[in-house]
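Novice: below: sequence and its predicted model.
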Amino acid sequence: MTHAVLGAAKEGPASRYELLMRLRRDFPLWNFSSGGVYHAVDKLTPHLLRPCDGDKTTGDYELTATGDIRLRAWVRRPSRPGPFRDDLRLQIAYSEPEDLPWIEQQIRERLRWIGEQQAALRDVSHLRELRRLQKPWSITRLLVARAIQLAVLDGLARGLRRAQAEIITAIEQSAQQDR
């Protein structure tokens, strides 16, 4: 939540409510609550976020230089994957052009990890032994759960491949502009 709020504040000064609306707009599948965002703003103030007018009368907050440095450092930190709240998605969204090679490397590593997880889920050789120990409906439930996990991983991999292609294109365009 901390980094999501910092990233939303990078867009410009905003009230707590506006930060919440930015997060809901940019990440509609995530369930950002007002309490969570407001608590994060309180926790980040005054070192990473500060009131725009200094005395909190307008209710608008802006990112401090330290907050921007913290966000930049977080964007370049490896993250753990998750089906819905994956930090890598936020890191991609809040990255700067100079972060793109590093982000592309993280996507490559995440795609490798997804491939390993998919291979493990597709390996059903041990299920034969489970058949002797469990009722048939338990195995069906396990297979359905695996199918759902595979579908989530497939969707995540497709999205990451699209992002990777766009990042590679942006890196190439940036290299051409530098020439």
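Specialist: Nice, thanks for sending it over.
Novice: can you list the domains in this protein?
Specialist: 2-75, 98-178 (automatic domain parsing).
Novice: which SSE is immediately downstream of the helix or strand bottoming out on mean pLDDT in the chain?
Specialist: Lowest by mean pLDDT, DSSP states H and E among the helices and strands of the chain is helix 127-133, with a mean of 57. On the C-terminal side of helix 127-133, the closest following helix or strand by DSSP states H and E is helix 136-178.
Novice: now for that following helix, which elements pack on it?
Specialist: Under the contact criterion of 3 or more CB pairs under 8 Å, 6 or more residues apart in numbering; DSSP states H and E, helix 136-178 touches helix 87-93, helix 100-122, helix 127-133. To be clear about C-beta, it is placed using only N, CA and C from the backbone, and glycine gets the same treatment.
Novice: what is the orientation angle of the longest one with helix 136-178?
Specialist: Put simply, helix 100-122 runs at 160 degrees to helix 136-178, going by axes from the mean of the first three to the mean of the last three CA atoms, to 10 degrees.
Novice: so which other helices or strands are in contact with helix 100-122?
Specialist: By 3+ CB pairs under 8 Å, 6+ apart, helix 100-122 packs against helix 87-93, helix 136-178.
Novice: wait, which of those is closest to residue 78?
Specialist: helix 87-93 (8.8 Å; CB to CB).
Novice: low-scoring pLDDT stretches of the protein, where are they?
Specialist: Along the chain, the model assigns pLDDT under 70 to residues 28-29, 54-58, 81-86, 124-142, 145.
Novice: for the helix or strand that contains residue 3, list the C-alpha coordinates in CSV.
Specialist: Element membership for residue 3 (DSSP H and E) is helix 2-10. What follows is helix 2-10, C-alpha atoms only, in CSV (Å, rounded to 0.1, in the frame of the first residue of the first chain):
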residue,chain,number,x,y,z
THR,A,2,2.8,2.4,0.9
HIS,A,3,4.4,2.2,-2.6
ALA,A,4,1.0,2.4,-4.3
VAL,A,5,0.3,5.7,-2.5
LEU,A,6,3.7,7.0,-3.3
GLY,A,7,3.2,6.2,-6.9
ALA,A,8,-0.2,7.8,-7.0
ALA,A,9,1.3,10.9,-5.4
LYS,A,10,4.0,11.1,-8.1
